[in-house]
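S.K.: Here you go, sequence then predicted model.
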Amino acid sequence: MQDLIDFAGTHIPQIAGGLIMAFVVAYLAGLNNRLNRLAAASANFRNVFLTELKGLYPIPSDWPKDINELDQRLRKAFPGLQVAITNFKPFVPWYWQWTFDRAWHIYRLGKNSREIDQQCYHHYMPFEGVSVINGKEIRYDNTKTYKETFKNNIDNLLKYAKQI
């Protein structure tokens, strides 16, 4: 019995230390794995946006002159962007999910829009005019800011996929 007590007294701290080290190594390996998956998902997310919106973002070097052509081009890019959003969303922390969804909503519909429309890209087209809402006359003019609005909306989405 004394031998067992002597063994336990001298080896338990070593066993406990070994178990703690194994736990730390497993935790760090899991963290490294998560960071590697996040880096790959972020790179893929950015790549899809840069490929689908080539010539429009980040520099609008190939911006269509015809607004119908722009609308068609953005609608054609939508399915690929939607897949990228869906694939990347699990990597967005839960406390940023709402803002990520909101940034996607604003990109494809604008700030004052209805979800039922799914896609409306008028905020990326040069318009000016006057509306009357609840008896108030509201003037709008985005003829100088529509490309900047597009860039800002894409930037707001891509900020979730920062390079690590």
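M.R.: Great, that's in hand. Source: prediction; values computed, not measured.
S.K.: and Ser61, backbone torsions?
M.R.: phi -80, psi -20 (degrees, to the nearest 10).
S.K.: show me the contacts for it.
M.R.: Gly55 (C-beta atoms under 8 Å, 6 or more residues apart in numbering). Placement of C-beta: from N, CA and C, glycine included.
S.K.: Test my guess that Val92 contacts Trp98.
M.R.: No - contact between Val92 and Trp98 fails when scored by C-beta atoms under 8 Å: they sit 9.8 Å apart.
S.K.: Please say which of those two ends up with more neighbours.
M.R.: Val92 (19 against 10; other C-beta atoms under 10 Å).
S.K.: Find the nearest non-adjacent residue to that one, please.
M.R.: The spatially closest residue to Val92, leaving aside those adjacent along the chain, is Phe100, at 4.8 Å (C-beta to C-beta, 6 or more residues apart in numbering).
S.K.: Show me what counts as buried in the helix or strand where the one you found lies.
M.R.: Assessed by DSSP states H and E, Phe100 sits inside helix 97-109. Going by neighbour count (16 or more other C-beta atoms under 10 Å), the buried part of helix 97-109 is Phe100, Ala103, Trp104, Ile106, Tyr107, Arg108, Leu109.
S.K.: Which strands or helices does it pack on?
M.R.: Counting contacts by 3 or more C-beta pairs under 8 Å, 6 or more residues apart in numbering; DSSP states H and E, helix 97-109 is packed against helix 146-158.
S.K.: which other helices and strands contact the helix it packs on?
M.R.: Using 3+ C-beta pairs under 8 Å, 6+ apart, helix 146-158 sits against helix 2-52, helix 97-109.
S.K.: could you give me the average pLDDT of stretch 149-161?
M.R.: Mean per-residue pLDDT for stretch 149-161: 95.
S.K.: which residues are in contact with that stretch?
M.R.: Outside stretch 149-161, the residues touching it (C-beta under 8 Å, 6+ apart) are 41-43, 45-46, 49, 53, 56-58, 60, 85, 88, 92, 96, 100, 103-104, 106-107, 123-124, 142.
S.K.: Separate out the buried members of these.
M.R.: The buried subset of these (16+ other C-beta under 10 Å) comprises 41-42, 45-46, 49, 53, 56-57, 60, 85, 88, 92, 100, 103-104, 106-107, 123-124, 142.
S.K.: coming back round to it: lowest average confidence across the helices and strands packed on helix 146-158, which one?
M.R.: Among the helices and strands packed on helix 146-158, helix 2-52 scores lowest, with a mean of 74.
S.K.: Now do the next helix or strand after that helix against helix 146-158, angle only.
M.R.: Per DSSP H and E, the first helix or strand lying C-terminal to helix 2-52 is helix 67-88. With axes from the mean of the first three to the mean of the last three C-alpha atoms, to 10 degrees defining the directions, helix 67-88 sits at 10 degrees from helix 146-158.
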